[in-house]
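Student: need coordinates for the following:
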Amino acid sequence: MNKRALHVASALNVLIYRLSHGKLLGRFPSGAPVCLLTTKGRKSGRSRTVPLLYLADGNDFIVVASQGGRPQHPGWYFNLEANPSGELTIGSRRLAVNARRVGEEEKAQLWPRLVEIYPPYRDYQRRTTRLIPVMRLSPV
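Tutor: Now for the predicted structure:
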């Protein structure tokens, strides 16, 4: 799928998720839960929202900047690096969050759980030479 088609598909997913309060598109076909992450564009300053799979870890939420194993990190990851504040929507619940990239030791502990909820993550890491970042989103 080309970049333009991905943006259109993502925008439609966000719209349907919001209108249904996560009842539609709130789970990936594999059963993994889906959230909406809103970040501030590092260049534009505009709000950007993307649907992402997540793993609940205590009070925190873990997301993966896989971008399907593409060679570059996704835009939302760069946005969080520039400004770690964001908003997470799960169903109809909205949470202000702060993000941080987990270290390699923490990632090693989380990775098997992430692959369990979404096995293609393993293939994505094999497909790219970059280390796929894992982000911890903590409610403020």
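Student: hang on, isn't Ser10 packed against Arg48?
Tutor: No. Applying C-beta atoms under 8 Å as the test, Ser10 and Arg48 come out as separate, 9.8 Å apart. C-betas here are computed from N, CA, C, even on glycine.
Student: outside of the longest strand seen in the chain, which residues touch it?
Tutor: Longest strand in the chain, counting residues (DSSP state E): strand 93-101. Strand 93-101 is contacted from outside by 61, 80-81, 84-89, 133-140, using C-beta atoms under 8 Å, 6 or more residues apart in numbering.
Student: same deal with stretch 55-70?
Tutor: By C-beta under 8 Å, 6+ apart, the list of residues contacting stretch 55-70 reads 33, 35, 37, 52-54, 73-74, 76-77, 88, 90, 97, 102, 110, 113-114, 117-118, 121, 123-128, 132-139.
Student: how about it: buried residues?
Tutor: Leu55, Asp57, Asp60, Phe61, Ile62, Val63, Val64, Ala65, Ser66, Gln67, Gly69 (16 or more other C-beta atoms under 10 Å).
Student: same check, this time on stretch 87-101
Tutor: Buried, per 16+ other C-beta under 10 Å, within stretch 87-101: Glu87, Leu88, Thr89, Ile90, Leu95, Val97, Ala99.
Student: the second one belongs to a strand?
Tutor: Looking back up the chat, that one is Leu88. Yes. Judged by DSSP: H, G, I helix; E, B strand; the rest coil, Leu88 forms part of a strand.
Student: contacting residues around it?
Tutor: Cys35, Leu36, Leu37, Thr38, Phe61, Arg94, Leu95, Val97, Leu137, Pro139.
Student: and it, how far is that from Val50?
Tutor: 11 Å (C-beta to C-beta, to the nearest Å).
Student: just Gly75 next, same as before
Tutor: In terms of C-beta to C-beta, Gly75 sits 8 Å off from Val50.
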